[in-house]
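> Kindly generate the corresponding structure for this input.
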Amino acid sequence: MANLRDRLKRIQEQKKSETRFEESNFFSSEEILAENGWQPCGFKVLKREKKSLLPFKIKNPSKTLKILIPDLIKKDNVKPEDFLFFDLETTGLSGGAGTVAFLAAFGKILLKEKLLVTQYLLLDYPGENDFLNAVLKEISNEKSVIVTYNGKCFDSQILKTRCLLNRKKPPSFYHVDLLHPARRLWKSIIQDCSQSSIETRILGLDRKNDIPGSLAPEIWFEYLKTGKTQRLTGICDHNCADISGLFSILAAMISIADNPYSSCFNYDIEKLALYWRKFKRRNSFNIKFQKNKNDLLCFAAERGYKKAVYFYAYDLMRKGNYSESLKFVYRGLKLFDEDTVWHKKLLRRKERLEKKLKR
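Numbers count the residues shown, from 1 in each chain. This next block holds a predicted model:
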């Protein structure tokens, strides 16, 4: 019994020493984070604000932006100041009740010159209630247009789940997701349409020393266990860079929508032209790209994009412009291989058009 009593006593003393070590690490970590601009914002929650110059100039969005980003169809007269960029870092890369958001960032455009990024950092699980209160307060403005990248499938669902588990009403907000518009514009060019790939390969932004977001869960758990903040501050900077990247992607889309005929950003002209054609047929209101007398499908067809040539010839035929349609049919026959379905359809269309022109 004496041996057992001694062993239990040693275990208790060891636990006390470990607790003191963890507490000392925790308080020293708070001091280190304070040096990086973090300030208390609730129980085990920190907040910081960072201002930076915008990486690209941004214009007032035109109506044609609704073609690129259909989520904006129900929103009129949107200004750059109305956009609120939103991104979460979580303890898992899939949804579910066990995944917790520990870092949230919001970006706001100030007078079209600067980007204000506000971040909230959860230091431990007991502070989640205050963390959620801070996040919900940021997105409570009804005028705000929340902009995310894959946020409809991930960020907003995580936020909704955490609110329900903490007995809070899930937020409702006007949500714009840039993932699918980005795929339409750039998937055929770079294949990998992750946010970082678009930033580096399309927009030319530098993210060489960036910590991958996939390491966020590991880094936060490491902080909880050891109190070390070096990698945690790195993932906070990554989160901040994601907000700047979100702005850059939106600025590129606004530029392309404003004048797709001479945009400084590379994009898939043919895919956008075909999507624009489908958009016109599905929606009751008509939107035209400005600064060019012809539509975007004509612009792509004149530059020899195969499918654009095919559908533009079809549209001209439907309008009764047979001679012009026949010109693009001839062009399409040269572009498509003879053994393709497209080539055979164009041959049949050529015969019909020639018969109509002989009448």
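> What is the neighbour count of the closest residue to residue 69 other than its chain neighbours?
Spatially, and ignoring its direct neighbours in sequence, residue 69 is nearest to residue 181 (5.0 Å; C-beta to C-beta, 6 or more residues apart in numbering). In this view, the C-beta of every residue, glycine as well, is placed from N, C-alpha and C. Look at residue 181: counted by other C-beta atoms under 10 Å, it has 24 neighbours.
> OK, contacts around residue 181?
68-70, 253 (C-beta atoms under 8 Å, 6 or more residues apart in numbering).
> From residue 71, how far out is it?
According to C-beta to C-beta, to the nearest Å, residue 181 and residue 71 sit 8 Å apart.
> and if you look at residue 352?
40 Å.
> now do residue 312
Going from residue 312 to residue 71 by C-beta to C-beta gives 28 Å.
> likewise residue 60?
18 Å.
> Compare those two (neighbour count), which wins?
Ranked by neighbour count (other C-beta under 10 Å), residue 60 and residue 71 place residue 71 first, with 18 against 13.
> Point out where the stretch 151-300 of the chain drops to low pLDDT.
Under the criterion pLDDT under 70, the flagged ranges of the stretch 151-300 of the chain are 283-294.
> ranges for the strands of it?
174-177 (DSSP state E, counting those that start in this stretch).
> what's residue 120 in contact with, if anything?
41, 45-47, 103-105, 131, 134-135 are the contacts of residue 120 under C-beta under 8 Å, 6+ apart.
> cool, and residue 99?
Residue 99 touches 90-92, 158, 161, counting by C-beta under 8 Å, 6+ apart.
> Okay, and which of those residues map to helices?
158, 161 (DSSP state H).
> In the contacts of residue 181, find the pair that's most separated.
70 and 253 (12.0 Å; C-beta to C-beta).
> Those two: who's more crowded?
Between residue 70 and residue 253, counted using other C-beta under 10 Å, residue 253 has the larger neighbour count: 21 against 16.
> Based on its surroundings, how many neighbours for residue 300?
Going by other C-beta under 10 Å, the residues that sit close to residue 300 add up to 26.
> same check, this time on residue 357
11.
> unless I'm mixing things up, it is touching residue 323, no?
Yes. Contact between residue 357 and residue 323 holds when scored by C-beta atoms under 8 Å: they sit 6.5 Å apart.
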